[in-house]
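**Q** okay, sequence plus prediction incoming.
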Amino acid sequence: MNISQQKSGIATEPMGFSNAIYRQFAYRVSRTLHSDLGYAQCEAVDVSDRLAAMFAEKGPAAYPDIHDFLTGRGVRERWNGVFYHCRSATMAHWLVPHVRGTAIDLLCGSGKLGGIFSEMGVPTTVTERDDIRESYPSTEGSVTWLDHDTLAREAVPNSYDTVLLITALHHEADSEGLLQLALKLAANRVIIVENCVEPDLPNDLHILVDDFFNYGLNNTPLPCPAAHRSADEWSDMLNGRGRVIFTDRRESMPGIFLSHHLLVAEIHR
């Protein structure tokens, strides 16, 4: 594996992987295109085979070609639509029973989840870095946005009843620092959703999926620092500062062919 340099908090160049990882990736892409995006099986296989062939030929240098291919086939627009509408709605339905009082979604991406929560009667604020927010094809306009780094510098303890970290920790080089911020802001609960390393979901596959979504499907400055962990390792990072009161796992989310683990932690003061 050709491991690229990763600067703290900054995505550098994408990484190269073994052919076995590329084949596993292509198989999961094919299933997702068919089950989540509505492509006929033959077309889903054709798209995934083309991706595998481009990776086999050029490795990480294939991403510009992959981006053009997915855009030209209309796959990019449909996939991003599934992310924005279907994934966010499914995530909200999964999480809302565990949200208490006011909420803040840290490093929220498009902000769509916060918008859905607000429509459901949960007062929700969202944070993101400006360059990343601007890179998303669609963003939510009905919620209060805060600049994430400004919030981190000026954070007031116990400002929100519930703090959300939704597949955000593994994108931060300083994931411990992000978790510390969440614990500082939360008066009641921290809710973590992560794509976790599992026996059939190795770290290399997680990194490839991040790189594909950031460099192939889209072109975003979202960091890819290879900070993936198992569910137990994320739980252990709480270090007694929060008590995990509920856990759950979903095999996938609309558009995302990785498992999602949910940790709900009550804060100890």
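**A** Received it, and whenever you're ready, just let me know what you need. Numbering: from 1, shown residues only.

**Q** please make it C-alpha for all contacts and neighbour counts, starting now.
**A** Will do.

**Q** show me where the chain has its helices.
**A** Here the chain has its helices, by DSSP state H, at 19-35, 41-58, 63-72, 75-81, 88-95, 112-119, 130-135, 148-154, 175-185, 203-211, 231-236.

**Q** where among the ones you listed is average confidence lowest?
**A** Mean pLDDT across the helices of the chain is lowest at helix 130-135; the value there is a mean of 91.

**Q** contacts for that helix next, please.
**A** With contact meaning Cα atoms under 8 Å, 6 or more residues apart in numbering, helix 130-135 is reached by 109-110, 139, 147, 219-222.

**Q** OK, contacts around His171?
**A** His171 makes contact with 9, 222-227 under the criterion Cα under 8 Å, 6+ apart.

**Q** tell me which of the residues you listed has the lowest pLDDT.
**A** Ranking those by pLDDT, Gly9 lands last with 39.

**Q** could you save the helices of the chain as CSV and add columns showing distance to Gly255 and mean neighbour count?
**A** Formatted as CSV, those follow (distance: least, Cα to Cα, whole Å; neighbours: other Cα atoms under 10 Å):
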stretch, distance to Gly255, mean neighbour count
helix 19-35, 6, 18
helix 41-58, 13, 17
helix 63-72, 14, 17
helix 75-81, 7, 18
helix 88-95, 10, 16
helix 112-119, 15, 22
helix 130-135, 18, 16
helix 148-154, 26, 13
helix 175-185, 24, 20
helix 203-211, 11, 20
helix 231-236, 21, 16
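
**Q** once you drop chain neighbours, what's closest to the residue nearest the centre of the chain?
**A** Central residue of the chain (Cα atoms, centre = their mean): Thr167, 3.9 Å from the mean position. Nearest-residue entry for Thr167: Glu194, 4.6 Å, with adjacent residues in sequence omitted and distances by Cα to Cα, 6 or more residues apart in numbering.

**Q** run a quick neighbour tally on that neighbour.
**A** When neighbours are counted by other Cα atoms under 10 Å, Glu194 registers 23.

**Q** wait, it sits on Leu262?
**A** Yes. Using Cα atoms under 8 Å, Glu194 is in contact with Leu262, at 6.8 Å.

**Q** Ser138 and Val193, how far apart?
**A** Distance, Ser138 to Val193, by Cα to Cα, to the nearest Å: 22 Å.

**Q** by neighbour count, which of the contacts of His171 wins?
**A** Top of the contacts of His171 by neighbour count (other Cα under 10 Å): Cys224, with 27 neighbours.

**Q** that one is in contact with Phe213, isn't it?
**A** No. With contact defined as Cα under 8 Å, Cys224 does not reach Phe213; the gap is 10.5 Å.

**Q** overlap in contacts, those two.
**A** What both Cys224 and Phe213 touch, as defined by Cα under 8 Å, 6+ apart, is an empty set.

**Q** OK, contacts around His67?
**A** 76, 215-218.

**Q** same question for Ser252.
**A** With Cα under 8 Å, 6+ apart, Ser252 has these contacts: 258-260.

**Q** now tabulate those residues in a markdown table and tack on pLDDT, neighbour count and distance to Phe117.
**A** Listed next are those as a markdown table, based on pLDDT from 0 to 100; neighbours: other Cα atoms under 10 Å; distance: Cα to Cα, whole Å:
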| residue | pLDDT | neighbour count | distance to Phe117 |
| --- | --- | --- | --- |
| Leu258 | 96 | 20 | 23 |
| Ser259 | 96 | 16 | 22 |
| His260 | 97 | 21 | 19 |
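
**Q** tell me which of those is nearest to Met237?
**A** His260 (17.6 Å; Cα to Cα).

**Q** that closest one pairs with what?
**A** Arg250 (DSSP bridges).

**Q** quick one: it from Asp68, how far?
**A** The gap separating His260 from Asp68 is 29 Å, by Cα to Cα.

**Q** picking that back up, thought the residue nearest to the centre of the chain was touching His206?
**A** No. With contacts counted by Cα under 8 Å, Thr167 stays clear of His206, the gap being 11.8 Å.

**Q** okay, and the common contacts of the two?
**A** Asn195.

**Q** got a pLDDT number for Ala16?
**A** One correction, residue 16 is Gly, not Ala. Gly16 is assigned a pLDDT of 87 by the prediction.
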